[in-house]
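K.L.:
Have a look at this prediction, sequence included:
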Amino acid sequence: MATTDEHTVTVFGGTGFLGRRVVRHIRRRGLYVRIASRHPDRAHGLFALDDPQIRSVEANIHDERSITDALAGAYGVVNAVSLYVEHGRETFHSVHVESAQRLATQARRCGVKRLVHVSGIGSEAASPSPYIRKRGEGERAVRSVFADATLIRPAVMFGPDDAFLTTIIKLLSRLPIYPMFGHGLTKLQPAYVEDVAQAIVKALQRTDMDATTFELGGPRAYSYEELLRAVAYGAGLKPRLIPFPFAAWHALAWFAEILPRPPITRNQVELMQVDTVASAEMPGFKELGITPIAIEEILREILWDH
């Protein structure tokens, strides 16, 4: 077993929407960060790679050897890899279950002390939704080989360059009539991506080594309709909101997935059919000493970018 460096953390998925923020928060704490991805060149432009505390390495979560190389000597590892649309061998099962377990197994073998696995609120191995089910199975797979892994379950995340609020704003500004998911009753508790990234790093540095699952939701739970009206108000828009059946959304998403960059996917529709609100019985932002930021506080920045 290799000697570990308590100042080094490897982040898989470190160039993604959440992962890049995790990298920056780790770096701000004076730690060394190893960004592991299949396309290490993507780190250029996102990070100052001449910074001696940040290193980008090539790694494939489907390949055991490259995982081992990326983990060599690391004290901690964060798995922020996610998949929203299946393509070829990139399936929900291969990424969220098999690869998550492969990473956890190699982390244990390499002597990594801390593993933080990013999942999502509502992840349930018994869910009829393939996406949600595989997220739940992935949590079980990780804990089966790395028993004291920390699980992070964020609600839907928002922030500049997200695929959530920016899409809503774009559609609200272009459509005089806005079709809601169902009757707009689904409950959401959106979390600011920077808060989630900070929570991951704080969880990584906990002195308590017990297995813990954190559910991270923002300061307010909205119905989908309430969220749309809050965003529209902040953007100075007055759209007409109408119910649109979930069956129709599923049909649209099925066709959209044919496109190279689908505007909506079936798993996103499935997620909008279930409430994603943090459980009051689970530890969350409060236990990590974080006061979550509300959508209204970040909306102006997102609108400016838009």
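P.N.:
Happy to help now that I have it.
K.L.:
bridging residues for residue 117?
P.N.:
residue 79, residue 151 (DSSP bridges).
K.L.:
Can you give the distance from stretch 187-207 to the centre of its chain?
P.N.:
On the basis of C-alpha atoms, centre = their mean, to the nearest Å, stretch 187-207 sits 10 Å off its chain's mean C-alpha point.
K.L.:
start to end distance for it?
P.N.:
34 Å (C-alpha to C-alpha, to the nearest Å).
K.L.:
tell me the mean pLDDT over that stretch?
P.N.:
For stretch 187-207, mean pLDDT is 96.
K.L.:
So for that stretch, what gets flagged as buried?
P.N.:
Residues of stretch 187-207 classed as buried by neighbour count (16 or more other C-beta atoms under 10 Å): 188-204. Yep, even glycine has a C-beta here, placed from its N, CA and C like the rest.
K.L.:
Next one: residue 117 from residue 247, what distance?
P.N.:
34 Å (C-beta to C-beta, to the nearest Å).
K.L.:
ugh, typo on my part, it should be residue 168
P.N.:
For residue 168, the distance to residue 247 - C-beta to C-beta - is 22 Å.
K.L.:
what about the two, which has more around it?
P.N.:
Legend: neighbour count by other C-beta atoms under 10 Å for residue 168 and residue 247, higher for residue 168 (20 against 10).
K.L.:
pLDDT score assigned to the more buried one?
P.N.:
Reading off the model, residue 168 has pLDDT 91.
K.L.:
State the phi and psi torsions of it.
P.N.:
Backbone torsions of residue 168, given as degrees, to the nearest 10, read phi -60, psi -50.
K.L.:
Excluding chain neighbours, give the residue nearest to it in space.
P.N.:
residue 231 (5.5 Å; C-beta to C-beta, 6 or more residues apart in numbering).
K.L.:
Contact partners for the one you found?
P.N.:
Contacts of residue 231 were listed using C-beta atoms under 8 Å, 6 or more residues apart in numbering, and they are 165, 168, 169, 172, 295, 299.
K.L.:
which two in those residues are spaced the farthest apart?
P.N.:
Farthest-apart pair in these is 172 and 295; separation 13.7 Å (C-beta to C-beta).
K.L.:
Which residues does stretch 79-96 contact?
P.N.:
11-14, 16, 18-19, 22, 61-62, 99-100, 103-104, 115-118, 130-131, 134-135, 137-138, 142, 200, 257, 262, 265, 267-268.
K.L.:
whoops, stretch 248-261 was the one
P.N.:
85, 181, 262, 263, 264, 265, 266, 268, 269, 272.
K.L.:
Flag whichever of these scores worst on pLDDT.
P.N.:
Out of these, that is residue 263, at 79.
K.L.:
Could you report the neighbour count for that one?
P.N.:
Residue 263, neighbours per other C-beta under 10 Å, totals 14.
K.L.:
Just give the nearest non-adjacent residue to it, would you?
P.N.:
residue 256 (5.7 Å).
K.L.:
One more: residue 293?
P.N.:
residue 192 (4.4 Å).
K.L.:
mind pulling up the phi and psi values for the one you found?
P.N.:
Backbone phi and psi, for residue 192 under degrees, to the nearest 10, turn out to be phi -70, psi 130.
K.L.:
pretty sure residue 19 is touching residue 13, no?
P.N.:
Yes. Between residue 19 and residue 13 a contact is recorded at 4.2 Å, counting by C-beta atoms under 8 Å.
K.L.:
Name the residues contacting each of the two.
P.N.:
78, 80, 81.
K.L.:
Highest neighbour count among those residues?
P.N.:
residue 78 (30 neighbours).
K.L.:
ok, it - contacts?
P.N.:
Per C-beta under 8 Å, 6+ apart, neighbours of residue 78: 9-14, 19, 22, 115-116, 118, 200, 204.
K.L.:
Tell me the pLDDT of it.
P.N.:
98.
K.L.:
Can you mark which positions in stretch 44-56 are buried?
P.N.:
So stretch 44-56, judged by 16+ other C-beta under 10 Å, has buried residues 46, 47, 54, 55, 56.
K.L.:
Start and end of it, how far apart?
P.N.:
Counting by C-alpha to C-alpha, the terminal residues of stretch 44-56 are separated by 9 Å.
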